[in-house]
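Asker: Structure, please.
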Amino acid sequence: MASRSVGKTLLLERDCEALLIPQAQPLTLPQGSAVRITQSLGGNFTLEVQGNLVLVMAEDRDALGMDEYDSSEDNAPLHDEKLSLQEKCWHQLHQCYDPEIPVDIVDLGLIYDLNLSPCEQQATRQLAYVTMTLTSPTCGMGPVIIEEVKRKLAKIDAVGTVTVELVFEPPWGREMMSDAAKLQLGLL
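Answerer: Residues are numbered from 1 along each chain as shown. Next up is the predicted model:
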């Protein structure tokens, strides 16, 4: 239902917490506010509200009149015994989106590296260490994207601790995007 709602205007069914894009400033959208869904990816929603973009997280989808997020399709690979832990982690990273750009952060070229190593405190789990960048060092949504990476990777049973290192060398450029991302954004 969510993807079919992109582009539609609706009224919020209850007060809803959101983050103003691109500053990531928290705000409360009051019940009855008219919003237009501009993006519904990775379970989260980017909305246009009075000419501004805001991010509403998946847990507040009921305020938009959406059913509870059915992540079973997104999470199916997490239970696939044929996939390695590395493959499961990459799958989860592909479920993270920049709220301003309808392309996942892997295809955008924001993930530079993913390393897994034994977790000393939890013998059955691995430490996930992600090196990533942002499209701009001044991106106000950077902390939000980093937390989304941590949340998505923490859903994997075999992952114990998730550490994200934000780097700006080498600087991000359009050439780092996958061909699929360039095509989707009209750059090919």
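Asker: can you tell me which residues contact Thr28?
Answerer: Contacts here follow C-beta atoms under 8 Å, 6 or more residues apart in numbering; on that basis Thr28 touches Asp15, Cys16, Glu17, Ala18. C-beta here means a position set from N, CA and C on the backbone, and glycine is covered the same way.
Asker: Leaving aside the residues adjacent along the chain, what's closest to Leu134?
Answerer: Counting by C-beta to C-beta, 6 or more residues apart in numbering, Gly142 is the residue found nearest to Leu134 once chain neighbours are left out, at 4.9 Å.
Asker: could you measure Leu20 against Leu47, distance?
Answerer: Applying C-beta to C-beta, to the nearest Å, the value for Leu20 to Leu47 is 11 Å.
Asker: Mind listing the shared neighbours of those two?
Answerer: With C-beta under 8 Å, 6+ apart as the test, Leu20 and Leu47 both reach Leu53, Val54.
Asker: which of the two has more neighbours?
Answerer: Neighbours were counted for Leu20 and for Leu47 using other C-beta atoms under 10 Å; Leu47 has more, 26 against 16.
Asker: and Leu153, that one's in a helix?
Answerer: Yes. Counting by DSSP: H, G, I helix; E, B strand; the rest coil, Leu153 is found in a helix.
Asker: I figured it hits Thr161, correct?
Answerer: No. Under the criterion of C-beta atoms under 8 Å, Leu153 makes no contact with Thr161, lying 9.6 Å away.
Asker: Please enumerate the shared neighbours of those two.
Answerer: Common neighbours of Leu153 and Thr161 (C-beta under 8 Å, 6+ apart) are Ala128.
Asker: Could I get the phi/psi values of Leu93?
Answerer: Backbone geometry at Leu93, expressed as degrees, to the nearest 10, gives phi -60, psi -30.
Asker: Return the residues in contact with it.
Answerer: Leu93 touches Asp104, Ile105, Val106, Ile111, Leu114, Val130, Val149, Lys152, Leu153, counting by C-beta under 8 Å, 6+ apart.
Asker: Determine the longest strand present in the protein.
Answerer: strand 122-132 (DSSP state E).
Asker: which secondary structure elements does it contact?
Answerer: helix 85-93, strand 111-119, helix 142-154, strand 159-166 (3 or more C-beta pairs under 8 Å, 6 or more residues apart in numbering; DSSP states H and E).
Asker: any idea of the mean pLDDT in stretch 90-102?
Answerer: Average pLDDT, stretch 90-102: 94.
Asker: quick one, domains of the chain?
Answerer: Here the domain parsing of the chain from automatic domain parsing is 3-64, 74-184.
Asker: what about the shortest one, distance to the chain center?
Answerer: Translated: domain 3-64. 15 Å (C-alpha atoms, centre = their mean, to the nearest Å).
Asker: can you check the longest one too?
Answerer: Taking the mean C-alpha point of domain 74-184 and that of its whole chain, the gap between them comes to 9 Å (C-alpha atoms, centre = their mean).
Asker: All good on my end, thank you.
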